[in-house]
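Asker: What follows is a predicted structure for the sequence shown.
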Amino acid sequence: MKKGVLLAVVTGTPSDVDVLEAALALSHLYDSHIEVLHPRLDPYRVLAGFIDGINGLGTSDIVAGIRLDIDRRQQVARGAFNAWTAQHGIRQGNEIGKNGAGRGESATSSWRQYEGTYEGAMMQIGRLVDFIVVAQPGPGGRAWQDSVVEAAIFNTGRPVLCVPAGTRNLDSKSVAIMWNGSLEAARAVGAAMPLLSACGSVTVVTAGRSEGADPTDLVERLVVRGIEARTKRIHPAQELTPSALHALIVEGKYGLVVMGGYGHSRLRELVLGGLTRHMLAEAKVPILLAH
């Protein structure tokens with residue numbers, strides 16, 4: 001019997017392979033079953049997203065074209081899932097539970113499909129799992145890529161691992177925690193604890209004054225758990241710009257970044273337009289976020 005359930009969100013793009021591989025690595029650390037979800041969008045909702053005030057003329061042809069793309073995405077996502085389970089010998093469906101499957105090191109997975117919106121998928125399914133894995137929206141990515149990440153972070157109450165393109169495994173030898181003492185940052189650290197326990201070293205990065213616990217107090221608690229940890233304070237006078245933060249990650253050779261998300265009222269400003277969006281679009285390492 002598995003101790004938890006991870007949700008890997010696949011959307012019918014090349015990044016599906018990255019999401020599935022990261023979910024498999026996480027499943028070993030968290031001893032979890034992997035539920036693979038493909039949100040199949042409603043074509044009329046997609047149409048409403050980029051056309052305003054349609055009078056009905058030619059709508060059926062447009063919807064038919066959108067539906068073809070939705071069908072194609074579903075086929076690509078399901079094909080990636082089937083190839084992934086076959087490659088790694090992952091038990092799925094009615095195979096789970098046979099001959100001791102589902103216990104210990106044996107990986108298990110199941111396929112789920114949701115008809116509607118990304119927000120609906122996360123509210124109906126994302127809230128029932130322990131951890132969510134999604135693809136990072138790339139620079140200049142489409143709006144729906146942002147929507148997947150946004151829905152996962154802000155509609156579920158679950159920690160979310162955002163995986164960049166090309167990631168085939170989790171490198172947790174060196175982890176950076178972006179710490180400001182906030183509730184969101186604390187939740188992210190708590191969700192990352194199995195990863196932190198398995199990593200080589202942790203650096204707690206902070207800039208300015210902390211809202212709550214001092215970073216040295218966090219380091220002390222990590223050391224008690226047997227985790228090698230230290231602090232790195234950015235001088236208050238130094239502006240924490242997206243480029244400076246990206247340079248810090250590259251310089252530190254971190255394989256994973258842990259940080260808090262932000263409130264709904266600041267979502268458009270920060271996740272889709274500011275520092276957090278830059279991190280999600282430009283970072284070459286996985287980012288674990290919690291709200």
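Answerer: That came through fine.

Asker: Look up which helix or strand Leu245 falls in, please.
Answerer: Leu245 belongs to helix 242-252 when assigned by DSSP states H and E.

Asker: swap in Asp71?
Answerer: helix 59-88.

Asker: ok, back up a step: would you tell me what the next helix or strand after the helix holding Leu245 is?
Answerer: According to DSSP H and E, the helix or strand after helix 242-252 is strand 256-260.

Asker: quick one: contacts for Ala229?
Answerer: If a contact means Cβ atoms under 8 Å, 6 or more residues apart in numbering, then Ala229 has 201-204, 218-219, 222-223 as its contacts. In short, each C-beta sits where N, CA and C put it, glycine included.

Asker: Backbone torsions only: list them for it.
Answerer: The phi/psi pair for Ala229 (degrees, to the nearest 10) reads phi -140, psi 150.

Asker: so what's it bridging to?
Answerer: Taking DSSP bridges as the rule, Ala229 bridges to Val202.

Asker: Could you report the pLDDT at it?
Answerer: pLDDT for Ala229: 96.

Asker: same deal with Leu272?
Answerer: For Leu272, the predicted pLDDT is 40.

Asker: Ok, Phe50 next?
Answerer: Per-residue confidence (pLDDT) for Phe50: 53.

Asker: surely Pro39 meets Thr11?
Answerer: Yes. Using Cβ atoms under 8 Å, Pro39 is in contact with Thr11, at 7.2 Å.

Asker: The two: who's more crowded?
Answerer: Pro39 (30 against 22; other Cβ atoms under 10 Å).

Asker: what's across from the more buried one in the sheet?
Answerer: Note on Pro39: beta-bridge partners Tyr114, judged by DSSP bridges.

Asker: Return the distance of it relative to Ile125.
Answerer: Distance of Pro39 to Ile125, computed by Cβ to Cβ, to the nearest Å: 9 Å.

Asker: which neighbours do the two share?
Answerer: Tyr114.

Asker: list the residues that contact both of Pro39 and Thr11?
Answerer: Val148.

Asker: Helices along this structure, start to end?
Answerer: Applying DSSP state H to the chain gives helices spanning 15-30, 43-50, 59-88, 118-124, 143-154, 183-198, 215-224, 242-252, 267-270, 275-282.

Asker: Out of these, flag the one nearest Ala135.
Answerer: Judged by Cβ to Cβ, the one of these that comes nearest to Ala135 is helix 15-30, at 3.7 Å.

Asker: Now the closest one: buried residues?
Answerer: 15-27, 29-30 (16 or more other Cβ atoms under 10 Å).

Asker: Leu195: which of these is nearest?
Answerer: Taking Cβ to Cβ as the measure, Leu195 lies nearest Leu29 of the buried residues of helix 15-30, at 6.1 Å.

Asker: Would you mind listing where this protein has pLDDT under the threshold?
Answerer: For the chain, applying pLDDT under 70 flags the ranges 44-58, 93-105, 138-144, 208, 235-242, 262-278.

Asker: Quickly note the distance from the nearest residue to Gly12 once chain neighbours are set aside to Ala185.
Answerer: Distances taken as Cβ to Cβ, 6 or more residues apart in numbering place Arg73 nearest to Gly12, at 2.8 Å, with adjacent residues excluded. For Arg73, the distance to Ala185 equals 34 Å [Cβ to Cβ].

Asker: With Lys232 instead?
Answerer: In this view, Lys232 and Ala185 are 15 Å apart by Cβ to Cβ.

Asker: and what of Arg40?
Answerer: 34 Å.

Asker: Kindly report the same for Val36.
Answerer: From Val36 over to Ala185 the distance is 29 Å, taken as Cβ to Cβ.

Asker: Isn't Tyr114 up against Pro39?
Answerer: Yes. With contact defined as Cβ under 8 Å, Tyr114 reaches Pro39; the gap is 4.9 Å.

Asker: got the end-to-end distance for stretch 204-214?
Answerer: Start and end residues of stretch 204-214 are separated by 10 Å (Cα to Cα, to the nearest Å).

Asker: just to revisit the earlier point, which residues are in contact with each of Tyr114 and Pro39?
Answerer: Residues touching both Tyr114 and Pro39 (Cβ under 8 Å, 6+ apart) are 120-121.

Asker: Cys199: how many residues sit nearby?
Answerer: 21.
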